[in-house]
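S.K.: task: produce atomic coordinates for the following.
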Amino acid sequence: MTDKSTAENMLDAAKNKLDEAGDRARAAVHDVKARLSDNPVDTAAEKVKAGVDRAKAEVSNAKAHANYQEGKKEATDGDGH
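M.R.: Now for the predicted structure:
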């Protein structure tokens, strides 16, 4: 990754987890809109939007994991930077 401190990596991981939660919440809203829509085109569009938000959530989760692992490694290598 980069030459960030343990705290910077952990902060980035927390931010990524917040992004993930936001994306999952947006996906849930799109799922509800898809179920409530009477228009098949709107239903399909909402399902696509939900899928996109779920994909974004997975990317954010992967970034969070990578930042956490980098921070953990940085913390155990002794210098913390």
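S.K.: now residue 31: how far from residue 40?
M.R.: When distance is defined by CB to CB, to the nearest Å, residue 31 is 16 Å away from residue 40. The way it works is simple: take the backbone N, C-alpha and C, and place the C-beta from them, glycine included.
S.K.: who's more crowded, these two?
M.R.: Legend: neighbour count by other CB atoms under 10 Å for residue 31 and residue 40, higher for residue 31 (17 against 8).
S.K.: give the contact list for the more buried one.
M.R.: In this structure, residue 31 makes contact with 46, 47, 50, judged by CB atoms under 8 Å, 6 or more residues apart in numbering.
S.K.: try it again at 6 Å.
M.R.: residue 50 (CB atoms under 6 Å, 6 or more residues apart in numbering).
S.K.: same for the top helix by length along the chain, what does it pack against?
M.R.: Longest helix in the chain by number of residues (criterion: DSSP state H): helix 40-76. Judged by 3 or more CB pairs under 6 Å, 6 or more residues apart in numbering; DSSP states H and E, the packing partners of helix 40-76 are helix 6-36.
S.K.: flag every buried residue along the helix it packs on.
M.R.: 6, 8-10, 12-13, 16-17, 19-20, 23-24, 26-27, 30-31, 33-34 (16 or more other CB atoms under 10 Å).
S.K.: now stretch 4-19, how far from the chain's geometric center?
M.R.: On the basis of CA atoms, centre = their mean, to the nearest Å, stretch 4-19 sits 12 Å off its chain's mean C-alpha point.
S.K.: so where is this protein shaky, pLDDT-wise?
M.R.: Filtered on pLDDT under 70, the chain yields the residue ranges 1-2, 78-81.
S.K.: again, only this time at 80
M.R.: 1-3, 78-81 (pLDDT under 80).
S.K.: circling back to that earlier point, in the longest helix of the chain, what's buried?
M.R.: Buried, per 16+ other CB under 10 Å, within helix 40-76: 46-47, 49-50, 53-54, 56-57, 60-61, 63-64, 67-68, 70-71, 74.
S.K.: what angle do that helix and helix 6-36 make?
M.R.: Interaxial angle, helix 40-76 versus helix 6-36 (axes from the mean of the first three to the mean of the last three CA atoms, to 10 degrees): 160 degrees.
S.K.: just how off-centre is helix 40-76 within its chain?
M.R.: 3 Å.
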